[in-house]
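Peer 1: Okay, here's the prediction I keep looking at, along with the sequence it came from:
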Amino acid sequence: MGNTRHRMENDRPSFSCHPRLLYVSTAKYEGDWQSIPHSHPFSELFYVVNGVGTFVAEDSEFPVGKNDMVIINPQVQHTERSLPDTPLDYIALGIENLSFSFADIASAQDGLSMQTCSGAVYKYTMQSPNVYAYLNIMLEEISTKKENYETVCQNLLEILLICMLRNDHLSIVQEDQNLLNRECAQIKNYLDANYAENISLDTLAALTHMNKYYMAHAFTKYAGLSPINYLLRRRIQEAKSLLESTAYSVSQISDMLGFSSQSYFSQAFKRATGKTPVQFRGEYKSVHG
């Protein structure tokens, strides 16, 4: 009788970022999807069970098909589009406290078809049938909610991540919270001092040497607002002060604060305050003479 024993080496990996499973969902295109770009403050894994379509992320669009795994980092605008004759059937996971880093490669290696799309989204083909099995068990556990199903799903998530990280072109971003807070404070100080300038996510990414999507995610977590929304709030605060204390016209204030047009300034101001700039100034004068 043959007998082979394989000993464990007790090198179980740990995830210092503490990824937490938020949901498991499944969907199949039946002609009723609205393809609307959206984003999440968490990462999403999108596994294609069957069908053919395309995936849209920021300014990139690429094909997806059976066994493809698409990784979407936090705060990335994305959506999927199915082909009607070959409807997409997929499983998606939402995962908190997780961001990926992707090697810059677009080639085929070791049976995997790999493609980087924007530095915030990554697609490759999962050849292992175990991945689909893990996802199905997670679906069953989370839908039936048997005793300790959360523990089962969380452990399966860690197994899935370990399998994915065997791909040499994937790694998990390890967050140094002290460093992130310093970087985010630098961004905040820059926005406070330069709010009238033409500032984009690319500007802030160059300032901190961070991936712009990860930077936006980190700043949102730090400040409670995305960098662009924080910039807009800072401009509105300054606009209130100028409307109260100066005779500058609405058009002049719009130009001084870096708005692309007077109409956009007025719309943004009304959304933030409930009043147009003219109404705000008029009410202030009526109260303060």
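Peer 2: Received, thanks.

Peer 1: Walking through the stretch 1-150 of the chain, point out its helices one by one.
Peer 2: 129-144, 149-165 (DSSP state H, counting those that start in this stretch).

Peer 1: I'd like to know which of these is closest to residue 181.
Peer 2: helix 149-165 (25.5 Å; CB to CB). C-beta here means a position set from N, CA and C on the backbone, and glycine is covered the same way.

Peer 1: ok, and for that closest one, which residues are buried?
Peer 2: 152, 153, 156, 157, 160, 161, 164 (16 or more other CB atoms under 10 Å).

Peer 1: So which of those is the closest to residue 121?
Peer 2: Among the buried residues of helix 149-165, and counting by CB to CB, the member closest to residue 121 is residue 164, at 14.3 Å.

Peer 1: low pLDDT regions in the protein?
Peer 2: 1, 6, 8-17, 31-34, 103-119, 168, 174-179, 289 (pLDDT under 70).

Peer 1: hang on, the earlier thing: tabulate the helices of the stretch 1-150 of the chain in a markdown table, adding columns for distance to residue 262.
Peer 2: Compiled in a markdown table, the helices of the stretch 1-150 of the chain are given as follows (distance: least, CB to CB, whole Å):
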| stretch | distance to residue 262 |
| --- | --- |
| helix 129-144 | 51 |
| helix 149-165 | 49 |
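
Peer 1: out of these, nearest to residue 43?
Peer 2: helix 149-165 (10.5 Å).

Peer 1: got the CA coordinates for the closest one in CSV?
Peer 2: The C-alpha coordinates for helix 149-165 follow below in CSV (Å, rounded to 0.1, in the frame of the first residue of the first chain):
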residue,chain,number,x,y,z
TYR,A,149,-21.6,31.7,7.4
GLU,A,150,-19.7,35.0,7.8
THR,A,151,-16.6,33.1,9.0
VAL,A,152,-16.9,30.7,6.1
CYS,A,153,-17.2,33.5,3.6
GLN,A,154,-14.3,35.5,5.1
ASN,A,155,-12.0,32.5,5.1
LEU,A,156,-12.9,31.7,1.5
LEU,A,157,-12.2,35.3,0.5
GLU,A,158,-8.7,34.9,2.0
ILE,A,159,-8.2,31.7,0.0
LEU,A,160,-9.3,33.4,-3.1
LEU,A,161,-6.9,36.3,-2.6
ILE,A,162,-4.0,33.9,-2.0
CYS,A,163,-4.8,32.2,-5.3
MET,A,164,-5.0,35.5,-7.1
LEU,A,165,-1.7,36.7,-5.6
